Every structure is written in structure tokens, then in C-alpha cells.
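[1] with the input below, show me the fold.
(one chain, ligands or ions: 1)
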Amino acid sequence: MSRINVMQPYLGDEEIAAVAAAITSGWVAQGPRVAEFETSFAAKQEAGYAVAVSSCTSALHLALIAAGVGNGDDVVLPSFSFIATANAAVYVGARPVFADVDIATGNVTAATIEAALTPATRAVIVVDQGGVPVDLDPIRALCDPREIVVVEDAACGSGSTYKGRPVGAGAEVAAWSFHPRKIITTGEGGMITTSREEWATRVRRLREHAMSLSAADRHANTLAAAEQYLEVGYNFRMTDLQAAVGVVQLGRLDELVARRREIAAGYAKAIDEIPGLRIVADPEWGTTNYQSCWVEVTEEYPHDRDGLLVALAEADISARRGIMAAHREPAYAGRDTGDASLSVTEYLTDHTLILPVFHQMSESEQSRVIDVLRQT
Ligand SMILES: *Cc1c(COP(=O)(O)O)cnc(C)c1O
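    Numbering: from 1, shown residues only. From the prediction side, this is the model:
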């Protein structure tokens, strides 16, 4: 019996060939392949502009800078998210204020955000948690008149849809991840998409030490013009080696999502007949890519969540605890992060787990997982 992982990236000969071509070209840092990946990504996500960076964490950081968020500002965001969502607010000197989430989707809603708003709220970060599209329109209807910028953390969202369009398409600014736990991967990597040209220009500069000329521009001229450093920037660049992989992965996106949804449908069919388990499903406004195929373990089930995780581990199946709650981590426990109730966040964090879903997963592997869910 071999180990079943919770996630495995799907990389093949095309990715190997693309990296080999980048190496052979002699240009391995940010260059033509990053530009190509950005153009393809913007087209695929129906975004105005796309700027590649080193991770989604750096994408969120730059998105908040572009949105003008800084010292003394509050950023309302879910505690129910990977810790990078909250960290981004701290990086720019703002205070993260935690909002609760909806039990069905694991996402913030206009109501949970409204409950957390403060007079100092300058931005809100919404998350397409685990790939489930956030219901963005009511949140923008709440925030836009108050001049609060809505940043979409679409780290998990490639290939999910909202009202018939890719998630992020309706956002002023969105941040994406290409970590191997996400839908498509470049090893590490991220992207900022935005509808605002001036924000795209600013983050494009900031990712590269805020140089007035990019390294690629300077390379194009034997006698390069002298660059200027227009503000204090960062080195958040993606490499052409990564972008070469990204271009191929993006071409696989539809196929990867279709396969994940097929595997999730197989779980859903079985779980519908197991009392006490609920599997996350498409909300009425969109479709999830099942980046995280999470299951709620209710009191009706013979074991609690941790008991089920142990049973899975004993069958050599690596499931995972559900999405974390940042407010419970030592990094945030001592901070003032607002006083909205986080009861749903705490419930979901304690009662959910993530099932294995990966492109190469075989029917027999999935049956092994389902057998444990049934027998436990
Ligand atoms: C993974 C993840 C991030 C961080 O992405 P990196 O590319 O690893 O920096 C941020 N937000 C959410 C919701 C995530 O799931």
C-alpha cells in the first residue's frame, strides 16, 4: 500500500522542455518568459494587467502598497486563511482586523465584513478560500461608496469562476499563488492582476527595486541609460525559469480543474450517503476548482475531525486539518485585531479536514480514502 498525498503537482515533459529552453537561451532571470506568462495570465483571467512576482505573499504586499494602505490604516480580512493574508497588512504597517466567514463557503461576506469595519478601514482583503469563489459584488457594493479598496486574495482561485467569469476578473486588484499546493505551479511564484494601469505600473517597478528602467530594458541597449531608483522598492521578481513552467501550466489549467472537479464529484457522491459528513460545494454564484476539497465532520459522525485524521493516517492517507485561523497563532494572539465574533472561523477550523485531490489520483486511491470515511 503506497502513501496517498493530499496534493501533488502535475508537471511533465513540456515543463522540462520549457525550462531547458530558458536555460539554453542564456536569459534565466526576469525577462521575455515572464512577460509572456503575464500576457497569457491576464488574458486567461480576463484581467486588465498582470505583473508576475516571487509569491502571492509579495503580491498581496505590493497590492496593499498600490492601494495606498499604510501606517494607521485598518485592513479587514478573514482570520480563516493562510497566515500570509494577515501578514500582508502588517508588512505595510497597517492593522489586520479579522472578520468571520460563512459556514457554507468558508468565505467572508458583506455581512461579516460590515461587522468588522472600523473608521480607519482603508482596505478589505477577500479570499477565494480553497478555491471557492467569494461573493464579490455585495462586498464591493458595501466598500466602494466608502472608498475602501477590495483586494482579492485569489491564491487558490485559478480556474474558479464567479458569475460566469474567472474569479478576480471583477476585482480592482487580485493576488495569485503558484506554490505547488495551488492549482498551477511555478515552484514558487505569484501574480498581481489589476484593472488599474497606474497600479500595474507601480507594482511592476516596486518588484524590481523601483528602478526606472527594468533589467530587460537595459539589456536591450549596449550603452544602457542610467537607471534611477524612484522609491524604496523590493526584489520580488519571478525568474524566467519559473515563468517558462508557468506558461505550460497555464495551458493545462482547464484540464487540471476539470479533473479536480471530477474527483470531488466522486467524493461528493459517496459523502452524500455518509451521515455526519458535509463536503464543500459550488455556491450559487460560481464554481470552485476544488483547490481544497474540504469536509465538515459534524457531531453525527462517529468520530471527531482529529479521530478521522488519525484513521486516514493509519491507512497511509495524508489528509490535512482544515484551513487555519490566524488569530489563534502566536504571531497574532497578542495583537489587537478587532473584536468581531470569529465563532464560525473557529468552528470550521476545528471541524474540517482537507481530502487528497491531485491530477494523477487513481480510482483505487480514491476508493481507499472513501473506504476510511465510510468505515470509521
Ligand atoms: C497559499 C496562500 C497564500 C500565500 O501564497 P504564496 O505564494 O505561498 O506566498 C496567500 N493566501 C492564501 C489564501 C493562500 O492559500
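
[2] for the rest of this, base every contact and every neighbour count on C-alpha atoms.
    Will do.

[3] and the residue in the stretch 101-250 of the chain positioned nearest to the ligand, bridged to which residues?
    With CA to the nearest ligand atom as the measure, Ser177 is the residue of the stretch 101-250 of the chain nearest to the ligand, at 4.0 Å. In this entry, Ser177 is beta-bridged to Gly190, by DSSP bridges.

[4] that one reaches Gly187, doesn't it?
    No: shown here, Ser177 and Gly187 do not form a contact pair, counting by CA atoms under 8 Å, at 9.9 Å.

[5] neighbour count for the two, which is higher?
    Ser177 (31 against 18; other CA atoms under 10 Å).

[6] contacts for the worst-scoring helix or strand of the chain on mean pLDDT, please.
    In the chain, no helix or strand scores lower on mean pLDDT, DSSP states H and E than helix 215-219, which sits at a mean of 76. Applying CA atoms under 8 Å, 6 or more residues apart in numbering, the external contacts of helix 215-219 come out as 30-31, 224-225.

[7] next SSE downstream of it?
    Going down the chain from helix 215-219, the next helix or strand is helix 240-271, by DSSP states H and E.

[8] and that following helix, what does it pack onto?
    Here helix 240-271 touches helix 13-25, helix 32-44, strand 277-279, helix 363-375, going by 3 or more CA pairs under 8 Å, 6 or more residues apart in numbering; DSSP states H and E.

[9] what's the mean pLDDT across the longest strand anywhere in the chain?
    Ordering each strand of the chain by length in residues (DSSP state E) puts strand 121-127 first. Strand 121-127 carries an average pLDDT of 98.

[10] please save the CA atoms from it in CSV.
    Extracted in CSV, the C-alpha atoms of strand 121-127 (Å, rounded to 0.1, in the frame of the first residue of the first chain):
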residue,chain,number,x,y,z
THR,A,121,-10.6,50.7,7.4
ARG,A,122,-8.8,51.6,4.2
ALA,A,123,-8.9,48.2,2.5
VAL,A,124,-10.5,44.8,2.7
ILE,A,125,-8.9,41.5,1.7
VAL,A,126,-11.3,38.9,0.5
VAL,A,127,-10.2,35.4,-0.1
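
[11] which bits of the protein sit near the ligand?
    Residues of the chain lying close to the ligand by CA under 6 Å from any ligand atom are 55-57, 81-82, 84-85, 127, 129, 153, 155-156, 177-179, 189-190.

[12] what's the domain layout of the protein?
    Following automatic domain parsing, one finds the domains of the chain at 13-251, 253-375.

[13] okay, the ones you listed, which one's buried deepest?
    domain 13-251 (a mean of 21; mean count of other CA atoms under 10 Å).

[14] can you tell me the distance between the two ends of that one?
    14 Å (CA to CA, to the nearest Å).

[15] ramachandran angles for the residue nearest to the spatial centre of the chain?
    Centroid check for the chain by CA atoms, centre = their mean gives Ala155 as the closest residue, at 1.3 Å. With angles defined as degrees, to the nearest 10, Ala155 sits at phi -50, psi -40.

[16] hang on, isn't it packed against Ser177?
    Yes: shown here, Ala155 and Ser177 form a contact pair, counting by CA under 8 Å, at 4.4 Å.

[17] between these two, what contacts are shared?
    Cys56.

[18] put the alpha carbons of the helix or strand where Thr349 lies into CSV.
    Per DSSP H and E: Thr349 is located in helix 343-351. C-alpha atoms of helix 343-351 as CSV (Å, rounded to 0.1, in the frame of the first residue of the first chain):
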residue,chain,number,x,y,z
SER,A,343,-17.2,31.8,16.0
VAL,A,344,-17.7,30.3,12.5
THR,A,345,-14.0,30.6,11.8
GLU,A,346,-13.2,28.6,15.0
TYR,A,347,-15.9,26.0,14.3
LEU,A,348,-14.7,25.4,10.7
THR,A,349,-11.0,25.3,11.7
ASP,A,350,-11.8,22.6,14.4
HIS,A,351,-14.3,20.6,12.4
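
[19] pull the distance from the helix or strand following that helix to the chain's centre.
    Downstream of helix 343-351, the next assigned helix or strand under DSSP H and E is strand 352-355. On the basis of CA atoms, centre = their mean, to the nearest Å, strand 352-355 is displaced by 17 Å from the centre of the chain it belongs to.

[20] strand 352-355: partners in the sheet, and parallel or antiparallel?
    strand 293-297 (antiparallel), strand 320-321 (antiparallel).

[21] list of residues touching the helix or strand just after the first one?
    Using DSSP H and E, the helix or strand that follows strand 293-297 in sequence is helix 305-314. For helix 305-314, the external contacting residues (CA under 8 Å, 6+ apart) are 297, 318-321, 350-353, 369, 372-373, 376.

[22] try 10 Å
    With CA atoms under 10 Å, 6 or more residues apart in numbering as the test, helix 305-314 has contacts from 3-4, 295-299, 301-303, 315-322, 349-355, 368-373, 375-376.

[23] determine which two of the contacts of helix 215-219 are furthest apart.
    Greatest spatial distance among those (CA to CA): Gln30 and Ala225, at 18.9 Å.

[24] relative to its centroid, which residue of the chain is most remote?
    Max distance from the centre of the chain (CA atoms, centre = their mean): Leu223, 41.3 Å.

[25] check contacts around the closest residue to Val92 other than its chain neighbours.
    Nearest non-adjacent residue to Val92, counting by CA to CA, 6 or more residues apart in numbering: Gly70, 5.1 Å away. Counting by CA under 10 Å, 6+ apart, Gly70 touches 64, 89-95, 122.
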